[in-house]
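Colleague: Quick one: sequence plus predicted model below, questions after.
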Amino acid sequence: MKTHGVARRPTRLPGDVRELLDAPNYVHLSTLRADGSPRSWVVWAGLEGDDILICTTDFSWKAKDMRRDPRVALSVVDLENPYRMAAVQGRVVEVRDDEGCRYMDPISFKYTGAPFPSRGADRVCFVIAVEKARQTTLSFVHRPA
């Protein structure tokens, strides 16, 4: 386990944001490149208490970005009602080895009903402490033409 040496500011995840993250909704993760410009990824996410877990290979750009700069932003959209969404700002506070997919498997089960198929020594789990989070529901009805 490696930490970023950042003092944790405990922020409780609001219930309406937790509900969106507990469901198998896709999450958009924004990381920062070395030049400070944002980079966006669609990811699966898990929860551990009030922290958000993002698992990946250590060779991915998202992993490289988060190891270099722990600041991240996430958005999540309700698959059942795309006008219900949440935005989260946070910071990576820990990086865990996940070779056996201890953290990834429960997330994979949530989204697919099966264990995660890719295993290896390069698997890691980023623990993100929430600093700000807000859920919004717009009053539209989703009826694409």
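Modeller: Received, thanks.

Colleague: make it CA atoms for all contacts and neighbour counts henceforth
Modeller: Fine.

Colleague: who are the neighbours in contact with Val127?
Modeller: 51-54, 92-96 (CA atoms under 8 Å, 6 or more residues apart in numbering).

Colleague: what are the bridge partners for it, then?
Modeller: Beta bridges link Val127 to Leu53, Glu94, judged by DSSP bridges.

Colleague: what does the model give it for pLDDT?
Modeller: Listed pLDDT for Val127 reads 98.

Colleague: Confirm Val17 sits in a strand?
Modeller: No: the assignment for Val17, made by DSSP: H, G, I helix; E, B strand; the rest coil, is helix rather than a strand.

Colleague: OK, contacts around the closest residue to it other than its chain neighbours?
Modeller: Excluding the flanking residues, the one nearest Val17 by CA to CA, 6 or more residues apart in numbering is Gln135, at 5.6 Å. By CA under 8 Å, 6+ apart, the contact list for Gln135 reads 16-17, 84-87.

Colleague: Mark which of those residues are buried, thanks.
Modeller: Among those, those that count as buried by neighbour count (16 or more other CA atoms under 10 Å) are 16-17, 84-87.

Colleague: So which residues of this structure form strands?
Modeller: Assigned strands in the chain, in chain order: 2-3, 27-32, 38-43, 46-48, 51-57, 71-77, 84-97, 123-137 (criterion: DSSP state E).

Colleague: Please tabulate the ones you listed in JSON lines, including the columns distance to Ser108.
Modeller: Putting the strands of the chain into JSON lines (distance: least, CA to CA, whole Å) gives the following:
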{"stretch": "strand 2-3", "distance to Ser108": "23"}
{"stretch": "strand 27-32", "distance to Ser108": "14"}
{"stretch": "strand 38-43", "distance to Ser108": "11"}
{"stretch": "strand 46-48", "distance to Ser108": "9"}
{"stretch": "strand 51-57", "distance to Ser108": "10"}
{"stretch": "strand 71-77", "distance to Ser108": "17"}
{"stretch": "strand 84-97", "distance to Ser108": "17"}
{"stretch": "strand 123-137", "distance to Ser108": "13"}
